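Fold the following for me, if possible:
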Amino acid sequence: MSLLALDVGNTRLKWALYERPAMGARMLAHGVQFLENIDKLTEGDWINLRPPRMVLGSVVASDAIKRRVEAQLEIWDAAPEWVVPSAAEAGVINGYDHPARLGADRWVAMIGARQRLLARQQLRPCVVVMVGTAVTVEALDAEGRFLGGCILPGHGIMLRALESGTAGLHVPTGVVKPFPSNTSDALTSGGTFAIAGAVQRMFDQLAQHCGQTPVCYMTGGAAWKMAPSMSVPFELVDTLIFDGLLAIAHQRASDRTSQRLASSTQ
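Coordinates of the predicted model:
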């Protein structure tokens, strides 16, 4: 049973077709499209795609964007399932005050990180970092409990805020330096250090809370920009949300099979 996994962010839609809904399944095709070009998917990226048996997605974009994605899926008469964070799923326990209000992308990425740890038999706490339009830094303990996380602006939002709120500052073309000596480098370095500092703070707090050094996974479209400036050991994983969607799809498919078997024996 093939699976089409969708990651609909604030800027882009990323998709991947897998041969089956299971961790480690072979990826048959993948791609990315900016949100303004979603209506071209069926005529472009998806025109020769094998019809999926299951569609599962994470979406943080608006309802209007979600409806446009659903319209594209009509080519296969496929009704997508959109992940809504719950109290627990696929190995992660949700510690958010209101579980359903947690961002779907954050939830799915944590599930992907947890599944990676379980596959390696590493029962350790974990910091999950997503670097995109916004930056999120999450903490999971060694038992898979989501303890909490923080949200901060991505590079672009930080710089635009400074440009609009401060006279004489403009979006820079600077580089990250240990001791910036011009305004462009100071702005670029400041945003980068802010993100790296938030990750370091969460890493240290989680290590102290759990009494164990955490694993750190980083993902997101702008993660590669942060990699040289990180102050904690980390692993860059481009497919973290897809890993989470595979784990959720596998659990849901297994649950449905069990329910059918139970119904047939009654």
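
Could you check how far stretch 157-173 is from the centre of its chain?
Relative to the chain's own centre, stretch 157-173 is displaced by 27 Å; criterion: C-alpha atoms, centre = their mean, to the nearest Å.

Give me the contacts around that stretch.
Applying C-beta atoms under 8 Å, 6 or more residues apart in numbering, the set of residues contacting stretch 157-173 from outside is T133, A134, P153, T183, S184, D185, L187, T188, G190, G191, A194. C-beta here means a position set from N, CA and C on the backbone, and glycine is covered the same way.

In this structure, what residue spans correspond to strands?
Counting by DSSP state E, the segments of the chain that form strands are 3-8, 12-18, 27-34, 54-59, 81-82, 88-89, 92-94, 126-131, 134-140, 145-153, 215-219, 235-236.

Mean pLDDT and distance to H209 added to those, as JSON lines?
Conversion of the strands of the chain to JSON lines gives the following (pLDDT from 0 to 100; distance: least, C-beta to C-beta, whole Å):
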{"stretch": "strand 3-8", "mean pLDDT": "96", "distance to H209": "30"}
{"stretch": "strand 12-18", "mean pLDDT": "95", "distance to H209": "32"}
{"stretch": "strand 27-34", "mean pLDDT": "95", "distance to H209": "36"}
{"stretch": "strand 54-59", "mean pLDDT": "96", "distance to H209": "27"}
{"stretch": "strand 81-82", "mean pLDDT": "96", "distance to H209": "32"}
{"stretch": "strand 88-89", "mean pLDDT": "96", "distance to H209": "20"}
{"stretch": "strand 92-94", "mean pLDDT": "97", "distance to H209": "15"}
{"stretch": "strand 126-131", "mean pLDDT": "97", "distance to H209": "12"}
{"stretch": "strand 134-140", "mean pLDDT": "97", "distance to H209": "8"}
{"stretch": "strand 145-153", "mean pLDDT": "97", "distance to H209": "7"}
{"stretch": "strand 215-219", "mean pLDDT": "97", "distance to H209": "15"}
{"stretch": "strand 235-236", "mean pLDDT": "96", "distance to H209": "21"}
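
Would you reformat the ones you listed as TSV and include distance to Q72 and mean neighbour count?
Putting the strands of the chain into TSV (distance: least, C-beta to C-beta, whole Å; neighbours: other C-beta atoms under 10 Å) gives the following:
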stretch	distance to Q72	mean neighbour count
strand 3-8	10	25
strand 12-18	9	21
strand 27-34	10	14
strand 54-59	11	22
strand 81-82	14	14
strand 88-89	26	16
strand 92-94	30	20
strand 126-131	25	26
strand 134-140	25	24
strand 145-153	29	17
strand 215-219	24	23
strand 235-236	30	14
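
any chance of those in TSV, with distance to M110 too?
Converted to TSV, the strands of the chain look like this (distance: least, C-beta to C-beta, whole Å):
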stretch	distance to M110
strand 3-8	14
strand 12-18	18
strand 27-34	21
strand 54-59	11
strand 81-82	17
strand 88-89	10
strand 92-94	5
strand 126-131	5
strand 134-140	6
strand 145-153	6
strand 215-219	9
strand 235-236	15
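
nearest to I47, of these?
Closest approach to I47 among the strands of the chain (C-beta to C-beta): strand 27-34, 11.4 Å.

what's the distance between the closest one and the middle of its chain?
Mean-position distance between strand 27-34 and its chain equals 15 Å (C-alpha atoms, centre = their mean).

elements contacting that strand?
Taking 3 or more C-beta pairs under 8 Å, 6 or more residues apart in numbering; DSSP states H and E as the contact definition, the neighbouring helices and strands of strand 27-34 are strand 12-18.

Mind listing residues that contact the strand it packs on?
For strand 12-18, with C-beta under 8 Å, 6+ apart as the criterion, the contacting residues are 2-7, 25-35, 38, 41, 45, 49-50, 52, 69, 221, 239, 241-242, 246.

hmm, try it at 7 Å
2-7, 25-35, 38, 49-50, 52, 69, 221, 242, 246 (C-beta atoms under 7 Å, 6 or more residues apart in numbering).

Stretch 222-237 now?
Applying C-beta under 7 Å, 6+ apart, the external contacts of stretch 222-237 come out as 131-132, 154-155, 176, 192, 195-196, 199-200, 203, 216-219.
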